[in-house]
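Novice: model this:
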Amino acid sequence: MDGFESASNKALAFLRRKLGFQLCMVTRTEGNDWAVIHRDDQGYGVAPGDVFNWGDSFCAAMVEGKGPNIAPNSNRVPAYGAAEIGRKIPIGAYIGVPLLLSDGRLFGTLCGIDPKPQPDSLADNQDLIELVGSMLSTILQMELKADEEERRAERYQAQAMKDALTGLYNRAGWDQLLVKEEARYQRYRQSSVVIVVDLDGLKDANDRFGHAAGDALIKRAATALLKASRAEDVVARLGGDEFGIIGINCDLEGGLALCERMKIALESEGVNASYGLAATNKTIRISQALTLADQAMYQQKRQKKSA
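Specialist: Numbering: from 1, shown residues only. Prediction:
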């Protein structure tokens with residue numbers, strides 16, 4: 001069976017030829033971001049990775065039940081006529097169906113637009129479009145399930161790359177798993193966050209009480225971070241007193257909550273730390289989020305020293 005990318009591209013090419021639309025897309029929606037994952041474009045200039053405002057789209061109105069799956073003349077549908085996207089680009093006709101995850105949550109949409117209104121007979125394709133959407137949803141769900149199995153296998157293989165003191169992934173394990181999660185983000189555009197944690201006072205503990213005390217502090221911190229994280233998250237000791245966390249399938253709001261749990265867990269162990277957090281979005285990949293989180297952590301550390 002084709003994977004989701006291959007099946008999407010074949011479905012888009014088929015629908016564009018069948019319906020004569022200039023643009024057919026598979027999209028991902030998360031928060032108010034509406035990202036193009038795959039497209040067959042013959043005139044609009046849309047590219048994979050382009051991100052639009054979900055609330056401005058016809059698809060948002062369709063998912064909310066305010067507009068039909070097929071609109072031969074979109075101007076006749078009040079919700080589509082009022083959509084902001086229609087003021088930015090010419091849309092005379094529209095098709096769209098939701099793409100769903102296995103738990104029923106919305107992943108994105110299969111949709112198409114054309115600048116010219118189409119004959120009313122376009123609506124005769126309702127069953128066909130729903131069938132193609134259902135097929136893509138099923139393939140997506142199967143691929144995501146297989147992807148979870150692959151992730152578990154990756155974590156198992158990375159067991160050899162563990163930090164001897166804490167039992168967390170070491171820097172090599174972190175780097176390897178970050179590359180894997182970066183590739184997943186590129187495929188599915190599901191948000192992740194990166195948190196960087198740097199312990200405060202490790203040097204002082206080493207100087208005053210010896211390195212055994214410093215090691216005990218690092219181990220308590222590792223235990224607290226692991227306890228506060230979720231099973232799917234990546235928690236690693238990046239070196240010295242610095243830790244990294246990748247919050248998988250986690251948006252900025254969820255990342256802030258995760259960071260707060262970690263702060264509470266560390267403080268309960270008597271550990272003070274500085275934190276930096278960044279989330280992926282339409283312009284920031286996981287590797288870039290790591291850089292931003294690291295910068296934010298050092299900024300917080302400098303602020304503490306100057307206070």
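Novice: in the stretch 51-200 of the chain, which spans are helices?
Specialist: Secondary structure of the stretch 51-200 of the chain (DSSP state H, counting those that start in this stretch): helices at 58-63, 78-81, 85-88, 126-157, 171-188.
Novice: could you name the helices and strands sitting against the first one?
Specialist: What it means is helix 58-63. strand 23-30, helix 78-81, strand 93-100, strand 106-114 (3 or more C-beta pairs under 8 Å, 6 or more residues apart in numbering; DSSP states H and E). For the C-beta atoms, the positions are set from N, CA and C on the backbone; glycine is no exception.
Novice: off-centre distance for the second one?
Specialist: Taking the mean C-alpha point of helix 78-81 and that of its whole chain, the gap between them comes to 29 Å (C-alpha atoms, centre = their mean, to the nearest Å).
Novice: likewise for the first one?
Specialist: Between the centre of strand 23-30 and the centre of its host chain there is 14 Å, according to C-alpha atoms, centre = their mean.
Novice: where does this protein have its least confident helix or strand?
Specialist: The weakest-scoring helix or strand in the chain, judged by mean pLDDT, DSSP states H and E, is helix 202-209 (a mean of 69).
Novice: give the buried residues for the helix or strand following that helix.
Specialist: Next in sequence after helix 202-209, counting helices and strands by DSSP states H and E, comes helix 211-228. Neighbour-count burial for helix 211-228, with 16 or more other C-beta atoms under 10 Å as criterion, is recorded at 214, 217-218, 220-226, 228.
Novice: mean confidence score for helix 211-228?
Specialist: Per-region confidence: helix 211-228 scores 89 on mean pLDDT.
Novice: what's it packed up against?
Specialist: strand 193-199, helix 202-209, strand 234-239, strand 242-247, helix 252-268.
Novice: could you dump stretch 182-201 to CSV, C-alpha only?
Specialist: In CSV, the C-alpha atoms belonging to stretch 182-201 read as follows (Å, rounded to 0.1, in the frame of the first residue of the first chain):
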residue,chain,number,x,y,z
GLU,A,182,12.6,16.6,12.8
ALA,A,183,11.8,14.2,9.9
ARG,A,184,8.4,13.5,11.4
TYR,A,185,7.6,17.1,11.8
GLN,A,186,8.4,17.7,8.1
ARG,A,187,6.0,14.8,7.2
TYR,A,188,3.0,15.6,9.4
ARG,A,189,3.5,19.2,10.7
GLN,A,190,2.5,18.1,14.2
SER,A,191,3.8,20.6,16.8
SER,A,192,6.6,19.9,19.2
VAL,A,193,8.4,21.9,21.8
VAL,A,194,12.0,22.0,23.0
ILE,A,195,12.9,22.8,26.6
VAL,A,196,16.4,23.4,27.8
VAL,A,197,17.1,23.2,31.5
ASP,A,198,20.3,24.3,33.2
LEU,A,199,20.8,23.7,36.9
ASP,A,200,21.7,26.6,39.1
GLY,A,201,24.4,26.2,41.7
